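In: Got a predicted structure here, sequence first:
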Amino acid sequence: MIPSLPFDAALPNLGLLLDEDAVTAMLTGVILDSGYSGIIGCRPRYIRYKPETSCLVQYDIDFTDSKGHGTTIGAHIWIYADDRGQRRVTSHRMQRLVERSATVHHHVPIQPVAYLTGINGLLQMHPIDYDLPALGRTSEASSVKRVFREAHQDFRRAKLQAEPELIRYKPGRKALFQYDLEHAPVETMYGKVRSDNLAEPLRDHTVALIDAGVPTPPVLFVNTRHRFMAHARAPGKQLASLRGTPEFTGWMEPLAQSLNHLQSVYLQGARLHSLADEIAVIDHTALWLERIAPGLAGRLDQLSDTISARFANMDERNLACHGDFYDDQALVGESGVIIIDLDELKRGHPLLDVGNMLAHLTSGEARGADKGDARDAFLSASLHHSDHCRSDIAVFEAAALLKLAPGPFRRLEPDWPDGIERIVALAEARLADRHARVVSPPRHQHPTGASPAGAAPRGIPASPRRAALAEEPAGASTPQCVDPALPQLVDLLRPGVMSQRFTDTFGNGQVSVGGIEVVRHKVGRRAILRYQLDENRQTVVVYGKTFASRRGPKVHAITSTITSARAFGPDIALPEPIAYLPDLKLLAQRPVAGEPIVPDLLDGDTWLAERIATALYRFHTSGLELGRLHDLTKELSPLEMRAEQVGEHAPALRDIAESCLQRIQSDNTANVAWRRTPVHRDFYHDQVLIEDRNLAVLDLDDASMSEPAVDVANFAAHLILLAAQHPEQAANLASVRRSFTGHYRALDHDLDGDLLRFLTATTLLRLAGIYVSRSNGEAVARTLITECERLLAGPQ
């Protein structure tokens, strides 16, 4: 008995689809010949569910005639929240599909397509598939020959030795067949029919990989009219079939090497899958799982928020990616490793592939549980071929596990709720593995520039749940990170080395490093480390920020100047620098206390807005000289690129984005006087913490001499961004914004209102370019650009 789904008011008959007796009774009514005694079995084997919209269930249906002869036919039923099924069953396309397949079911006199009134469902018997219309032509020997002849002259005389063998089929998406041929260049060929039009790009990318020496089966031909691609059969056995054997483990190093080779090839025109895209996938998967497994909602929230926060702190690495890499996608034998099934080929972070392979080994997907030796071997080999560390890989493995969690439900396993929970627990365990994770700072202790637990990291919308990560005890484990641009990490991650360095720095007794944790690592640029120190029988925490560039001394000097002057006011906590270690390029700083302010802003806390405005004004009028100058030209320099990004990711917004850019470039407001005072330069809600109504300000790295309106506009524009991400709290956030800007203007009588409005508009255009490629990006960007356009039009 397959466990039922939670009730869906838009699909009230959802539960019936998994009831074999109920489906059998419904389908019996479509059998046309009384010579058949009926349906003796209707086994559901795959489900695809979109809450409140539609659900597809795939079946194997067993028929028997009056003489006891039986046959099995595949079928699927779609149910919809709208009238799509009723419209499709009477459509011209469906009539053509039925006519083309008239000879397929002649031995079983059934109606191949039917509208099931009782459940608002559409029944389609294989090979009829409304969303994959070429399936019928490619699944029959008599008709697929025409597909071959149309595509390539070398296959015009090809004949099939038997009917095509269906290897794999996902209704509405794609199907894979094996064809045994004669009078053709090859004896065996695989053909895939798809619902999209990516066959030609995949052929071109496959050619590029083969030319670069990547072993993968060549594409023989493409028939664009039928969205069909054929490729040669490759030698070897499927690697997954060797699971649990020493031979399987022995292939892990060659597999990692082959993957590294694939990822080194530049694939021109391949679709881009950014980390922001991956965050959107993770969020969508977690929300979907919460719908079908509501008892896991809290754990899924925590898991997805943690993964998203970790991704937000990583640099993009857009290399060639297989897109669905695991041991089913490799053949092994005398020819070595051959990588197959490039359907999901893309450009993205290379650890997407590594994490997916590890997740399949960890979860035992497809071939049963693995003992772990192979996983360790693949992980070690991947580290050898990568400049990433174990903690980075662990995040990608946890993300891949979360994406595998729907599997038990989709396969309709009899214990699918337990199966989902098992995989979720594996993902949680991977993040909790202290030898393979990036550990967030404990609650109430935050380094400068690192997003606090539960806060929205840079570039990621704030979570409305305000779920802080649990405090974790420090340990003596040593993270392993390799970054050619940060060679000092080798010493920075050695407790013995750092114990001596901190002892020398503090100069008041022996200091012992009890734990080192990597808080954030942007490969090639910088890293933030958390050290737990035992000093004079007391435990203290120190954060270290190390740089690839030479900016460390300047950051140290500016941060020291600001913190020693208490430039935001005597009641505002700042991350105080302890020392700068030149040979390690390490800026050591004390932590600050507090929690994210986003929940308070969403609640419309105008008192908080005024406190922030006051602190910011104190800084602007502190009289400090920071040396570094940030003028209007530098402020506007990213806008052309950001406007292009809006048009690239949301073509419907291209014209308005370009119009806003032109108005900014020609706006006379740019000619107003530009003051020269200390500014934060990246001042927004994630840079402010609160504890017992006391504030702290983070990340002084970019502080410069500039116009104060830069900070005021940046904070105000981010409040508009928050409102776009949380429209249900838009009124509260508008009130907060009015209080913030109003209070600041009351303090700073020299603030030019037109300049503030202009800089708020320019910041909104910049944010639109950043967020348009992320979750719900087009809607968020539309809100930002619409407000940008309104502000550029002048006072209302």
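Out: Received the coordinates, thanks.
In: Which strand or helix spans residue 207?
Out: Taking DSSP states H and E as the definition, residue 207 sits inside helix 199-211.
In: list the buried ones in that helix?
Out: Burial within helix 199-211, assessed by neighbour count using 16 or more other CB atoms under 10 Å, is assigned to 199, 201, 202, 203, 204, 205, 206, 208, 209. For glycine as for every other residue, the C-beta is placed from the backbone atoms N, C-alpha and C.
In: now swap in stretch 745-763 and tell me
Out: 745, 748, 751-752, 755-763.
In: Using CSV, please lay out these together with distance to residue 688 and pLDDT.
Out: Below are those laid out as CSV (distance: CB to CB, whole Å; pLDDT from 0 to 100):
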residue, distance to residue 688, pLDDT
745, 19, 96
748, 19, 96
751, 20, 96
752, 25, 95
755, 23, 96
756, 19, 97
757, 23, 96
758, 24, 96
759, 19, 97
760, 18, 98
761, 23, 98
762, 22, 98
763, 17, 98
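In: For the stretch 601-750 of the chain, which segments are assigned as helices?
Out: 606-620, 632-636, 639-649, 654-666, 709-725, 730-747 (DSSP state H, counting those that start in this stretch).
In: Let me know whether residue 179 touches residue 190 as I believe.
Out: Yes - checked against CB atoms under 8 Å, the pair residue 179 and residue 190 is within contact range at 7.4 Å.
In: Which one's more surrounded, the two?
Out: Neighbour count, other CB atoms under 10 Å: between residue 179 and residue 190, residue 179 has more, with 26 against 21.
In: Sketch out the low-pLDDT regions of this protein for me.
Out: The model of the chain has pLDDT under 70 over residues 31-37, 103-109, 365-371, 433-483, 523, 670, 796.
In: Repeat the analysis, applying 50 as the threshold.
Out: Scanning the chain for pLDDT under 50 picks out 365-369, 434-478.
In: what residues go with each domain of it?
Out: By the record's domain assignment, the chain is partitioned as 14-129, 141-232, 238-432, 439-595, 597-792 (automatic domain parsing).
In: and residue 1, which of those is closest to it?
Out: Closest approach to residue 1 among these (CB to CB): domain 238-432, 6.9 Å.
In: end-to-end on that closest one?
Out: 32 Å (CA to CA, to the nearest Å).
In: The residue nearest the centre of the chain: what's it in contact with?
Out: In the chain, the C-alpha nearest the mean C-alpha coordinate belongs to residue 278, at 1.0 Å (CA atoms, centre = their mean). Shown in contact with residue 278 (CB atoms under 8 Å, 6 or more residues apart in numbering): 311, 348, 349, 352, 399.
In: Which single one of the residues you listed is nearest to residue 683?
Out: For those, the nearest to residue 683 is residue 311 (23.9 Å; CB to CB).
In: List phi and psi for that closest one.
Out: Main-chain dihedrals, residue 311, degrees, to the nearest 10: phi -60, psi -40.
In: Assign residue 180 to helix, strand or coil.
Out: strand (DSSP: H, G, I helix; E, B strand; the rest coil).
In: Check the gap between it and residue 222 for me.
Out: Counting by CB to CB, to the nearest Å, the separation of residue 180 from residue 222 is 21 Å.
In: Same check on residue 577?
Out: Distance from residue 577 to residue 222, counting by CB to CB: 60 Å.
In: Which residue of these two possesses the greater neighbour count?
Out: residue 577 (23 against 20).
In: The more buried one: what's it in contact with?
Out: 556, 559, 560, 563, 587, 588, 589.
In: Now do the phi/psi pair for residue 78.
Out: Dihedral pair for residue 78: phi -100, psi 130, per degrees, to the nearest 10.
In: Nearest spatial neighbour of it, chain-adjacent residues omitted?
Out: residue 122 (4.7 Å; CB to CB, 6 or more residues apart in numbering).
In: How about residue 719?
Out: residue 737 (4.4 Å).
In: Would you mark the buried spots in the top strand by length along the chain?
Out: Secondary structure of the chain per DSSP state E: the longest strand is strand 36-50. Judged by neighbour count using 16+ other CB under 10 Å, the buried positions of strand 36-50 are 36, 39, 42, 44, 47, 48, 49.
In: which helices and strands does the next helix or strand after it pack with?
Out: Remark: after strand 36-50, the chain's next helix or strand is strand 54-65, criterion DSSP H and E. Judged by 3 or more CB pairs under 8 Å, 6 or more residues apart in numbering; DSSP states H and E, strand 54-65 is in contact with strand 36-50, strand 70-80.
In: I'd like to check the angle between strand 54-65 and strand 70-80, please.
Out: Angle, strand 54-65 to strand 70-80, by axes from the mean of the first three to the mean of the last three CA atoms, to 10 degrees: 160 degrees.
In: picking that back up, tell me the helix or strand right after the helix holding residue 207.
Out: Per DSSP H and E, the helix or strand that comes after helix 199-211 is strand 219-223.
In: For that following strand, list the C-alpha coordinates in CSV.
Out: The C-alpha trace of strand 219-223 is given here as CSV (Å, rounded to 0.1, in the frame of the first residue of the first chain):
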residue,chain,number,x,y,z
VAL,A,219,26.5,11.9,-31.9
LEU,A,220,25.6,10.2,-35.2
PHE,A,221,22.9,12.6,-36.4
VAL,A,222,20.2,14.9,-35.2
ASN,A,223,16.7,15.2,-36.6
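In: Check which helices and strands it sits against.
Out: helix 141-151, helix 199-211, strand 228-232.
In: Can you lay out those as CSV showing distance to residue 27?
Out: Formatted as CSV, those follow (distance: least, CB to CB, whole Å):
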stretch, distance to residue 27
helix 141-151, 26
helix 199-211, 34
strand 228-232, 30
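In: And these: which comes nearest residue 602?
Out: It is, among those and with distance given as CB to CB, helix 199-211, at 42.7 Å.
In: contact partners of the closest one?
Out: 216, 218-219, 222-224, 227-229, 231, 262, 265-270, 320, 342-343, 345.
In: and those residues, which are buried?
Out: 216, 219, 222-223, 227-229, 231, 262, 265, 267, 270, 320, 342-343, 345.
In: wait, which of those residues is closest to residue 733?
Out: residue 270 (38.7 Å).
In: on that earlier part again, strands paired with the longest strand of the chain, and their directions?
Out: Listed by DSSP bridges, the sheet partners of strand 36-50 and their directions read strand 54-65 (antiparallel).
In: now could you export just the CA positions of the strand it pairs with as PDB?
Out: Extracted C-alpha coordinates of strand 54-65, given in PDB (Å, rounded to 0.1, in the frame of the first residue of the first chain):
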ATOM      1  CA  SER A  54      -1.300  19.000 -11.800                       C
ATOM      2  CA  CYS A  55      -0.200  15.500 -11.100                       C
ATOM      3  CA  LEU A  56       1.100  12.700 -13.400                       C
ATOM      4  CA  VAL A  57       1.100   9.000 -12.500                       C
ATOM      5  CA  GLN A  58       2.700   6.400 -14.800                       C
ATOM      6  CA  TYR A  59       1.300   2.800 -14.800                       C
ATOM      7  CA  ASP A  60       1.900  -0.600 -16.000                       C
ATOM      8  CA  ILE A  61      -1.500  -2.000 -17.000                       C
ATOM      9  CA  ASP A  62      -2.100  -5.700 -17.300                       C
ATOM     10  CA  PHE A  63      -4.800  -6.900 -19.700                       C
ATOM     11  CA  THR A  64      -6.200 -10.400 -20.200                       C
ATOM     12  CA  ASP A  65      -8.600 -11.800 -22.800                       C
END
